[in-house]
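Asks: model this:
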Amino acid sequence: MTPFGEKLRQLRDERGVSQKDMAKAIGVSAAYLSALEHGRRGQPTWDKLQRIIQYFNIIWDDAEELQRLAMISHPRITIDTGGLSPAATELANLIAAHIGCLDNDAVHDLVRQVKRAASKRSSA
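Replies: All right, here's what the predicted structure looks like:
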């Protein structure tokens with residue numbers, strides 16, 4: 001499941017909406033909605049994302065957060081380490097090879113570390 005899929009399922013559950021009903025309302029198939037939630041589909045198109053936002057009547061910060069989650073929810077990514085250090089290439093390959101073996105605590109710890117390092121770099 002992707003961050004976007006998790007949030008989409010949460011929104012549906014909070015409102016007691018079935019995939020079938022939501023899919024019909026926004027003009028997609030229930031299979032597509034299921035694939036979005038389970039991470040078998042990549043990011044929704046801008047149009048589909050806007051239909052989801054309108055369907056749930058999401059405004060301002062919540063809409064921006066849903067858009068942000070969609071942007072970081074591609075289930076199959078490619079990391080180009082060309083021009084980076086050997087250590088950066090090693091890190092990318094280690095994560096690719098072992099991400100499935102990491103528990104949630106380890107994943108969350110790595111996410112925090114990367115965000116902290118990126119924040120330090122952008123503020124410098």
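Asks: List the buried residues for stretch 61-78?
Replies: Buried residues in stretch 61-78, counted by 16 or more other C-beta atoms under 10 Å: 63, 66-67, 69-70, 73. Using the backbone N, CA and C atoms, a C-beta is placed for each residue, glycine as well.
Asks: cool, stretch 46-59 as well?
Replies: Result for stretch 46-59 [16+ other C-beta under 10 Å]: buried residues 48-49, 51-53, 56, 58.
Asks: which ones are touching the residue nearest the centre of the chain?
Replies: Nearest to the mean C-alpha position of the chain, counting by C-alpha atoms, centre = their mean, stands Ser73 at 2.3 Å. Going by C-beta atoms under 8 Å, 6 or more residues apart in numbering, Ser73 touches 2-5, 39, 42-43.
Asks: and if we set it to 6 Å?
Replies: The contact partners of Ser73, taken as C-beta atoms under 6 Å, 6 or more residues apart in numbering, are 2-4, 43.
Asks: Quick check: the two most widely separated of the buried residues of stretch 61-78?
Replies: Pairwise distances across the buried residues of stretch 61-78 peak at 15.5 Å for Ala63 and Ser73 (criterion: C-beta to C-beta).
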